[in-house]
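> Give me coordinates for this.
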Amino acid sequence: MGLLDRFRRSADRVRGPGDGAADGRYLAEWVRTHVGVEAYVEPKTTVTDVTVVLVAHDGEWTRRLVGERGARRLSGWLGIPVYDVRRTGYPQRMRDHNARRRIERRRAVERELRE
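Residues are numbered from 1 along each chain as shown. Next up, the predicted model:
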């Protein structure tokens, strides 16, 4: 076992074998069931391959691995606008959605504590 083998294996575990076809079906279904969806492609990191974040008009979002080739084909395949997150950043509606969810979770915990 080489010195870097441990790190290579851990990166493989994080990405996992994945089912590209299942992820593709999931993304297509998500676009079909949400309004005003845009895609934001995230760059490859030391831990994950290229990912895409789909953001709906209300800020709801989902993330999936797509890889380099998948990211290039995304726009034509899903028929939605695709942006490079390094250039555009994430949309404000996504941050607002996350903030609302945090507030809802905090209120739910407070309700449970009172009961």
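> Now tell me what touches the helix or strand Ala21 falls within from outside.
Here Ala21 is covered by helix 20-33, with elements defined by DSSP states H and E. With contacts defined as Cβ atoms under 8 Å, 6 or more residues apart in numbering, helix 20-33 is touched by 37, 52, 54, 62, 64-67, 70, 77-80. No exception for glycine: its C-beta is placed from N, CA and C like everyone else's.
> Among these, name the ones in helices.
Gly67, Gly70, Trp77, Leu78 (DSSP state H).
> Apart from its chain neighbours, what residue comes closest to the spatially most central residue of the chain?
Residue closest to the average C-alpha location in the chain (Cα atoms, centre = their mean): Arg63, at 1.5 Å. Leaving aside its chain neighbours, Arg63 sits nearest to Val53 (4.8 Å; criterion: Cβ to Cβ, 6 or more residues apart in numbering).
> before we move on, what about Pro43?
Arg86 (6.1 Å).
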